[in-house]
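Novice: Below: sequence and its predicted model.
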Amino acid sequence: MQSVSHCFSKVKNDCVKFIKSQETSTDKFKNKEKMIKSFLIPICFWIAKKANKQKPYFIGLAGGQGTGKTTISSIIKIILEKYFKLKVFKISIDDFYKTREERFNLSKKVHPMLMTRGVPGTHDVKIMLDFFKKSKSKNFKSIKLPSFNKAVDDRSPKKNWYNIKERPDVIIFEGWCVGAREEINKTLTKPVNSLERTKDQKLIWRKYVNEQLKTKYKKLYSQLNCMIYLKAKNFSLLQKWRLKQEHKLWLNTKNKSSHKIMSKGDVINFMQTYQRITQNMFKFAPKYSTIILNLNSNHQIKTIKYNK
């Protein structure tokens, strides 16, 4: 008989092994077993009941910078595959960033701030929509999907792309702005930080990004069957966690001489481009998400809420 305890006994070793692989000497995960047993396994039971092997079940998983989206989505994948025997494919919206050349052209055509990856408008939505459509096809054929190398800030060579040979039962689509919704126009006029105040005085960047959310991204996110949202306490915590993330990226980069990994100042400036949408999601995402994981200041899941 399936139960949380039985599931935990079967997946514990694999989950803990993965978590340890994400740790550094100065950044250790606390209460690993509690997170798995009390929060993530119950979520997987919920997903397994919803999953229909006739077509993929699309899960959007969102949260601000450094909230642990990759770690949590990876553990959910491990549990669903090992215990529930579901075929799971996990990908980040980050892998669909436009190339440096495409963003350069966009920055010249629309606004210089669009050279910086991250906000809606800097992803290739067409590839994402094609992926969703092909995944649902009854005549499923293998799908090649891009991967993005943040260390060089560009799309990886095609030999390093994902190759999905079998149709997944569950697709986890994670990213900081997954599920984000547009703002009303009047709230765009007031800048939320110094970057908007000095670099977007005519609101061109803000309006362009908001229009992308209102149109292309709205169509994309409508494909999702459910939304899981990781809610941090405030934006300053996200900056702290994002710095840790960048440090980890540096440690894992083999060719450090050619890296484009950011300094502390770079990270703070970089995150200003994320601030508006992130703060808007703080306010509204818990209202329209299916499952909300509330995080404490120590980067741990404190509570969980299921919206009907």
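Specialist: Yep, that arrived.

Novice: show me the contacts for the residue nearest to Leu188 when sequence neighbours are not counted.
Specialist: Using C-beta to C-beta, 6 or more residues apart in numbering and skipping the chain neighbours, the partner closest in space to Leu188 is Arg206 (4.8 Å). Placement of C-beta: from N, CA and C, glycine included. Neighbouring residues of Arg206 by C-beta atoms under 8 Å, 6 or more residues apart in numbering: Leu188, Glu196, Asp200, Arg276.

Novice: Now render these as JSON lines, adding distance to Ile164, pLDDT and secondary structure.
Specialist: Shown next, in JSON lines, are these (distance: C-beta to C-beta, whole Å; pLDDT from 0 to 100; DSSP: H, G, I helix; E, B strand; the rest coil):
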{"residue": "Leu188", "distance to Ile164": "38", "pLDDT": "97", "secondary structure": "helix"}
{"residue": "Glu196", "distance to Ile164": "38", "pLDDT": "96", "secondary structure": "helix"}
{"residue": "Asp200", "distance to Ile164": "38", "pLDDT": "97", "secondary structure": "coil"}
{"residue": "Arg276", "distance to Ile164": "34", "pLDDT": "97", "secondary structure": "helix"}
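
Novice: which one of those residues is nearest Ile41?
Specialist: Using C-beta to C-beta, Arg276 comes nearest to Ile41 of these, at 35.0 Å.

Novice: Look up phi and psi at Trp176.
Specialist: Trp176 has phi and psi values of phi -60, psi -30 when expressed as degrees, to the nearest 10.

Novice: surely it meets Ala62?
Specialist: Yes. Between Trp176 and Ala62 there is a contact at 6.7 Å, judged by C-beta atoms under 8 Å.

Novice: can you give me the strands for this structure?
Specialist: 57-63, 88-92, 143-145, 148-149, 154-155, 162-164, 170-175, 226-231, 291-295, 301-306 (DSSP state E).

Novice: who's in contact with Ser3?
Specialist: Counting by C-beta under 8 Å, 6+ apart, Ser3 has no contacts.

Novice: could you pull out the helices for the stretch 1-150 of the chain?
Specialist: Taking DSSP state H, counting those that start in this stretch as the criterion, the stretch 1-150 of the chain carries its helices at 4-22, 32-34, 41-50, 69-82, 100-109, 125-136.

Novice: mind listing what's buried in stretch 154-168?
Specialist: Asp154, Arg155, Ile164, Arg167, Pro168 (16 or more other C-beta atoms under 10 Å).
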